[in-house]
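**Student:** Give the three-dimensional model of this entry:
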Amino acid sequence: MRSTKAHIIYCILLGCQYALCTLSPNTKTKSKHRESKFLRGPQDNDVFELDLVSTEPFAKDILIHHEAYYKDTAKRRFNGTILGYVTPWNSHGYDVAKMFAKKFDIISPVWLQIVKQGDDYAVAGTHDIDAGWLMDVRRKGKVQQQQHQLRTVKVFPRVIFDHFTDRDIKLLLSDAKERTNLNEMLIQTCKQHGFDGLILEVWSQLAGRIDDKILFTLVLQMAKELQKQQLRLILVVPPKRKDMPNLFGEKHMDKLYKHIYAFSLMTYDYSSVQRPGANAPLYWVRNAVEHIAPVGCHDMEAKRAKILMGLNMYGNDYTPDGGGPITYGQYLELVRHVKKQLTHDERDVENFFEIKTETGRHIVFYPTLYSINERIQLAQQLGVGISIWELGQGLDYFYDLF
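**Tutor:** So this is what the prediction gives:
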């Protein structure tokens, strides 16, 4: 049984899913931000002023502050490009995209799939397109810049090839007319819904299975035909791994960077149930960027400016049975069992904790203000942008960092 009234309050409020709202703190002192109040919504102080960006954060501080954020949501700390993914299966991501719209340069709803209907190509997933939400995001994301220029959020839906057979892939890759038909359909979809371009996730699917030259042809033709219609293509690319180091490297970057608007680098999912550990070790993230745009390479600054370094907002809960990925709700249920501070993994620059509950033993890796801030600083140092997978999986106060 909990020994203090404060802990009883924690349990009651957690059971009610943080339904209560309290006033913001009036001072910057540590004693204020560690009082047993659950904060929600806009606040007068950001996470830096509240001294919450700590190497070993207290679990109770996470529970108290995670739904609060600095009231000036237009304030940006990171000066590179920020892309945020949003998925239909995580409704809070839609809210986050609107709440912090001014912090993002690109929003990518994960809505669309390329499918075959007989011999023709079609776009599936259009039923998920929310025109009203898109209008809200664009309206809330307008930022007045210097010389009276207005910056607006761009919308690049992600698109994947879905249920393509080997025959379908072979036909598409070998026939220029097939690719033209596909691109015309994608262009029509963009124009119909007012998209600024597309994010294509195909490289991880096909690289290593087919000749690079054929894959280059597919991507470059799509990029060029979109560009003729004032549309742009962002390409999702895999990071360097020991078991498959050359799926996307410097030679691929050299060939593509002048034609591709940006590269969404998937620097997450380093660990797994089979190999538990950090979600994205900092040294590995750095190596992944330097692998495709090494120090001193030709046009290094231009290449790196187009790299959007992946930043995960989800974590992993490892258990004797395996476990798996977790988002904020599951994380909060677990972190409330932590009595004091989270552990700092010095090598990987992440936080984790170990607990034992009625369901058994858990080792939990999940982003913290500290771990995210370290990766934002790395992106700034390397001269790259950021791609967040995905909005709504993390805690609201994370966005004070961007």
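
**Student:** okay, now M300: neighbour count?
**Tutor:** The number of residues packed near M300 is 15, by other Cβ atoms under 10 Å. For the C-beta atoms, the positions are set from N, CA and C on the backbone; glycine is no exception.

**Student:** how's this structure carved up into domains?
**Tutor:** Structural domains annotated on the chain: 1-72, 75-350+359-401, as defined by automatic domain parsing.

**Student:** which stretch in these has the least confidence?
**Tutor:** Of all the domains of the chain, mean pLDDT reaches its minimum on domain 1-72 (a mean of 67).

**Student:** still on that earlier bit, most tightly surrounded among the domains of the chain?
**Tutor:** With neighbours defined as mean count of other Cβ atoms under 10 Å, these peak in mean count at domain 75-350+359-401, which reaches a mean of 18.

**Student:** Quote the end-to-end distance of it.
**Tutor:** Counting by Cα to Cα, to the nearest Å, you get 10 Å between the two ends of domain 75-350+359-401.

**Student:** Might you report the residue contacts of the residue nearest to A74 when sequence neighbours are not counted?
**Tutor:** Nearest residue to A74 in three dimensions, chain neighbours excluded: K102, at 4.2 Å (Cβ to Cβ, 6 or more residues apart in numbering). Contacts for K102 (Cβ atoms under 8 Å, 6 or more residues apart in numbering) come out as 73-74, 76, 140-143.

**Student:** Please list the members of the residues you listed that lie in helices.
**Tutor:** Those of the contacts of K102 mapping onto helices are K140, per DSSP state H.

**Student:** Out of the contacts of K102, the closest to D400 would be?
**Tutor:** T73 (9.2 Å; Cβ to Cβ).

**Student:** That closest one: how many residues sit nearby?
**Tutor:** By other Cβ under 10 Å, neighbour count at T73 equals 17.

**Student:** Please look at it and V96 and confirm they touch.
**Tutor:** No. The criterion here is Cβ atoms under 8 Å, and T73 misses it with V96 at 10.5 Å.

**Student:** Return every residue with contacts to both of the two.
**Tutor:** Taking Cβ under 8 Å, 6+ apart as the criterion, T73 and V96 both touch Y399.

**Student:** just to revisit the earlier point, output the contacts of K102 as JSON lines; include the columns distance to P42.
**Tutor:** Below are the contacts of K102 laid out as JSON lines (distance: Cβ to Cβ, whole Å):
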{"residue": "T73", "distance to P42": "8"}
{"residue": "A74", "distance to P42": "12"}
{"residue": "R76", "distance to P42": "16"}
{"residue": "K140", "distance to P42": "14"}
{"residue": "G141", "distance to P42": "17"}
{"residue": "K142", "distance to P42": "19"}
{"residue": "V143", "distance to P42": "18"}
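
**Student:** Please identify which of the contacts of K102 is nearest to P157.
**Tutor:** Using Cβ to Cβ, the contacts of K102 come closest to P157 at G141, 16.0 Å.

**Student:** isn't that closest one right next to L150, touching?
**Tutor:** No. Here G141 does not reach L150: they are 10.4 Å apart, not a contact under Cβ under 8 Å.

**Student:** where do the contact lists of those two overlap?
**Tutor:** By Cβ under 8 Å, 6+ apart, no residue touches both G141 and L150.

**Student:** where does S371 fall, helix, sheet strand or coil?
**Tutor:** With DSSP: H, G, I helix; E, B strand; the rest coil as the basis, S371 sits in helix.

**Student:** ok, K142 - contacts?
**Tutor:** Counting by Cβ under 8 Å, 6+ apart, K142 makes contact with 102, 150-153.

**Student:** just curious, which of the residues you listed is nearest to F48?
**Tutor:** K102 (18.4 Å).

**Student:** Now do the SS call for I187.
**Tutor:** Assignment for I187 (three-state DSSP): helix.

**Student:** dump the residue contacts of it.
**Tutor:** 225-226, 229, 231.

**Student:** Spatially nearest residue to N90 (excluding sequence neighbours)?
**Tutor:** G392 is the one closest to N90 (Cβ to Cβ, 6+ apart), at 4.4 Å.

**Student:** Test my guess that that neighbour contacts P88.
**Tutor:** No. Using Cβ under 8 Å, G392 is not in contact with P88, being 11.0 Å away.

**Student:** I figured I260 was touching K224, is that so?
**Tutor:** No. Under the criterion of Cβ under 8 Å, I260 is not in contact with K224, lying 10.4 Å apart.

**Student:** quick one: which of the contacts of K142 is nearest to K37?
**Tutor:** Looking across the contacts of K142 and measuring by Cβ to Cβ, the closest to K37 is K102, at 27.6 Å.

**Student:** so what strands line up beside the helix or strand G84 falls within?
**Tutor:** Following DSSP states H and E, one finds G84 within strand 82-86. Pairing partners of strand 82-86, with direction, according to DSSP bridges: strand 106-109 (parallel), strand 385-389 (parallel).

**Student:** Now do the end-to-end distance for stretch 91-105.
**Tutor:** By Cα to Cα, the extent of stretch 91-105 from end to end equals 20 Å.

**Student:** give me every residue that touches the nearest residue to T81 once chain neighbours are set aside.
**Tutor:** Of all residues not flanking T81 in the chain, G385 sits nearest, at 3.4 Å (Cβ to Cβ, 6+ apart). Neighbouring residues of G385 by Cβ under 8 Å, 6+ apart: 80-83, 105, 262, 305-309, 379.

**Student:** Return the subset of those lying in strands.
**Tutor:** The strands, defined by DSSP state E, take in 82-83, 262, 307-309 from the contacts of G385.

**Student:** Go through those residues and name the one nearest L401.
**Tutor:** I82 (10.9 Å).
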